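Peer 1: here are the coordinates; sequence isn't available:
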């Protein structure tokens, strides 16, 4: 490696480094998004269920999300803020809004319309959406990483 | 090089790669950066220290899965300097491709 790179060489070197990290991140285990979805589904369902079951489910799911993220950090050697600038932030915020809406819907349906199964149904929908959101977020992040001019 | 934005501290190949890797994430493990830059631990430590002394990189030690790990991150100043450096490089490369003297 020379100590003086021309601009094109330097740009290619930086782009290559980011692409290699993107490839590493892309090698994230396939179980991450489904498990993340399940945890989010648990939070949404728990938020709509009566205590103490609801509280236990929310607490357990939050703990599971934290452990899941730590495992991902351990495997990839990377740490990423979910609300980082760019399309990733849009996806993360949209997911929070939708999941909160589902949690409120489950609670309202149970309380006002006596539909005891509603929180479980909204939790199941939340699990699918969160798994899809996690996958989309991952793709958006990898696309951002390969954008050398960012 | 005197073009605004170009930072000689970042321009060295290993440091450029370190900044590029860290700019893509919030934190990266020292071992990962070493693997991706292809340099020895001591060389990487030295280069990281230079960036740390310039307040471009922050070093954090943490225990994860009962192992002490070293995490590297770009500081706000480091992100700004790296972005400016990349923009300056892009301008220079474009000018060179168009046959314009920078």
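Peer 2: Received the coordinates, thanks. Given the structure is predicted, the values throughout are model-derived calculations rather than measurements.

Peer 1: How many residues are close by the residue lying closest to residue B:6 once chain neighbours are set aside?
Peer 2: The spatially closest residue to residue B:6, leaving aside those adjacent along the chain, is residue B:88, at 4.5 Å (C-beta to C-beta, 6 or more residues apart in numbering or on different chains). For the C-beta atoms, the positions are set from N, CA and C on the backbone; glycine is no exception. Counted with other C-beta atoms under 10 Å in any protein chain shown, the neighbours of residue B:88 add up to 20.

Peer 1: And residue B:88, which helix or strand is it part of?
Peer 2: helix B:76-97 (DSSP states H and E).

Peer 1: Residue A:84 too?
Peer 2: Using DSSP H and E, residue A:84 falls outside every helix and strand.

Peer 1: tell me the contacts of it?
Peer 2: Contact analysis of residue A:84 by C-beta atoms under 8 Å, 6 or more residues apart in numbering or on different chains lists A:141, A:144, B:26.

Peer 1: Return a ChimeraX selection command for the buried portion of these.
Peer 2: To isolate the buried members of the contacts of residue A:84 in ChimeraX, using 16 or more other C-beta atoms under 10 Å in any protein chain shown:
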select /A:141,144
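
Peer 1: Please spell out which residues along the helix holding residue B:88 are buried.
Peer 2: B:78-79, B:81-83, B:85-86, B:88-93.

Peer 1: where's the dip in pLDDT among the contacts of residue A:84?
Peer 2: Lowest in pLDDT among those is residue A:144, which has 80.

Peer 1: Settle this for me: that residue is touching residue A:88, isn't it.
Peer 2: Yes. Using C-beta atoms under 8 Å, residue A:144 makes contact with residue A:88 at a distance of 6.6 Å.

Peer 1: Can you name the helix or strand that the residue nearest the centre of chain B falls in?
Peer 2: Geometric centre of chain B, nearest residue: residue B:19, 1.7 Å, by C-alpha atoms, centre = their mean. Residue B:19 belongs to helix B:13-23 when elements are defined using DSSP H and E.

Peer 1: Quick one: list the elements packing against the helix or strand just after that helix.
Peer 2: Next in sequence after helix B:13-23, counting helices and strands by DSSP H and E, comes strand B:27-29. If you count contacts as 3 or more C-beta pairs under 8 Å, 6 or more residues apart in numbering or on different chains; DSSP states H and E, strand B:27-29 packs onto strand A:78-79, strand B:67-74.

Peer 1: need the contact list for residue 58.
Peer 2: No chain specified, so I'll use chain A. Per C-beta under 8 Å, 6+ apart, neighbours of residue A:58: A:42, A:43, A:46, A:47.

Peer 1: Let me rephrase: I mean chain B.
Peer 2: B:52, B:72, B:73, B:74, B:75.

Peer 1: Residues of chain B that sit close to chain A?
Peer 2: Applying C-beta under 8 Å from any C-beta of the partner chain, one finds that chain B approaches chain A through B:11-14, B:16-17, B:19-21, B:23-29, B:31-32, B:36-37, B:64-65, B:71, B:83, B:86-87, B:89-90, B:92-93, B:96-97.

Peer 1: what about 7 Å?
Peer 2: Residues of chain B found near chain A (C-beta under 7 Å from any C-beta of the partner chain) are B:11-13, B:16-17, B:20-21, B:24-29, B:31-32, B:36, B:64-65, B:71, B:86, B:89-90, B:92-93, B:96.
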